[in-house]
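Participant: For reference, the sequence and a predicted model appear below.
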Amino acid sequence: MQDKTHLVDDVTGHRRMRRNRKADWTRRLVQENRLTVDDLIWPVFVVPGTNVVEPIAAMPGVNRMSVDKLVEAAKEAADLGIPAIATFPNIAMDLRDETGSHSLSANNLINEASRALKKHVGNIGVITDVALDPFTSHGHDGILRDGEIINDETVDQIARAAVVQADAGADIIAPSDMMDGRIGAIRRALDSAGHQNVGVMSYATKFASAFYGPYREAISTGGLLKGDKKSYYIDPANSMEAVREAALDVEEGADMMIVKPGLPYLDICWRLKEAFGLPIFAYQVSGEYTQIKAAGMQGWIDEERAMLETLLAFKRAGCDGIMTYFAVEVARILSRR
């Protein structure tokens with residue numbers, strides 16, 4: 001019979017993994033991934049008016065804000081070291097139509113917010129989305145005709161909207177509509193308009209997910225949506241398709257890429273980082289946020305620990321940063337450490 005004593009000796013004497021876990025200082029010394037304030041993008045919801053701070057029932061702790069209140073909140077975010085804000089407008093219903101034409105107005109809500117942020121909060125980046133869903137009367141991300149989302153006409157419109165947003169001060173255009181060819185069209189439009197320094201952060205892999213519900217309440221599109229978005233968002237079952245989608249965006253000139261939602265798609269984050277080496281961001285979407293928040297409010301989980309653990313998971317999966325509604329809360333926690 002083989003003498004296994006030496007194997008036991010190796011395990012107990014030489015291969016004790018717990019040695020590096022024995023104290024706080026050793027755990028900190030060997031920690032492989034770290035979450036910092038530099039990893040955070042704060043998505044915010046903007047509404048018309050002044051002095052408006054409006055709680056969103058489906059997203060406890062998150063508010064819709066008028067532009068003046070957004071500026072105040074952005075100043076705090078910038079003081080905490082958060083690098084960028086991503087703005088999402090709740091457009092008045094009488095300004096929405098079948099084609100989302102108000103997206104082209106230089107004075108629409110998203111552009112008003114960009115101008116105010118650049119004027120009053122110079123040390124924070126402004127990221128804007130050119131998807132049409134906040135502007136359409138049917139809640140889709142593109143132009144709807146005879147039950148079909150018209151790809152090329154939508155791309156033409158969002159490329160023009162991207163220029164208008166850049167004119168208003170947007171630093172990065174982040175198109176989330178998932179139309180074919182939009183990245184190249186936006187890049188060409190921006191360059192032709194003299195905005196060569198405005199970046200394009202592609203929602204390269206946006207999945208037809210069940211986790212978007214609270215967001216749609218936040219921008220008042222949930223009750224408007226006719227049908228679903230499965231003809232242009234990616235099937236959650238398809239990882240190779242997601243990689244091919246991202247590859248096209250890279251070819252068309254994307255500077256950065258977003259995976260949306262985040263936590264259910266950590267494998268996609270990792271695959272895109274390994275395949276392309278571009279900066280990769282995860283969007284911890286409204287449904288992910290609300291799950292943690294609601295369970296924490298009930299005392300079923302330790303909300304702070306769960307929040308930080310999920311954000312660290314994105315870093316472990318290769319993400320360079322995270323778009324999260326927890327951004328300000330996390331920044332405050334990190335500032336105390």
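Facilitator: Perfect, I can see it now.
Participant: Give the closest residue to residue 54 in space, chain neighbours not counted.
Facilitator: Leaving aside its sequence neighbours, residue 54 sits nearest to residue 64 (Cβ to Cβ, 6 or more residues apart in numbering; 4.3 Å). Using the backbone N, CA and C atoms, a C-beta is placed for each residue, glycine as well.
Participant: roughly how far apart are the one you found and residue 168?
Facilitator: 20 Å (Cβ to Cβ, to the nearest Å).
Participant: returning to what we had before: name the helix or strand for the residue nearest to residue 54, please.
Facilitator: Assigned by DSSP states H and E, residue 64 belongs to strand 63-65.
Participant: what's the answer for residue 200, then?
Facilitator: Take DSSP H and E as the rule and residue 200 turns out to sit in strand 199-206.
Participant: and the helix or strand following that strand, what does it pack onto?
Facilitator: Going down the chain from strand 199-206, the next helix or strand is helix 213-218, by DSSP H and E. With contacts taken as 3 or more Cβ pairs under 8 Å, 6 or more residues apart in numbering; DSSP states H and E, helix 213-218 sits against helix 286-297.
Participant: Next secondary structure after the helix it packs on?
Facilitator: helix 303-316.
Participant: And that following helix, what's buried?
Facilitator: Residues 303, 306, 307, 308, 310, 311, 312, 313, 314, 315 are the ones in helix 303-316 that count as buried (16 or more other Cβ atoms under 10 Å).
Participant: Please look at the third one and residue 295 and confirm they touch.
Facilitator: No - under the criterion of Cβ atoms under 8 Å, residue 307 is not in contact with residue 295, lying 10.6 Å apart.
Participant: these two touch, right, residue 52 and residue 66?
Facilitator: Yes - between residue 52 and residue 66 there is a contact under Cβ under 8 Å: 3.8 Å.
Participant: These two - which one has more neighbours?
Facilitator: residue 66 (19 against 16; other Cβ atoms under 10 Å).
Participant: Contacts only, for the more buried one.
Facilitator: Residues touching residue 66, when contacts are defined by Cβ atoms under 8 Å, 6 or more residues apart in numbering, comprise 46, 47, 48, 49, 50, 51, 52, 53.
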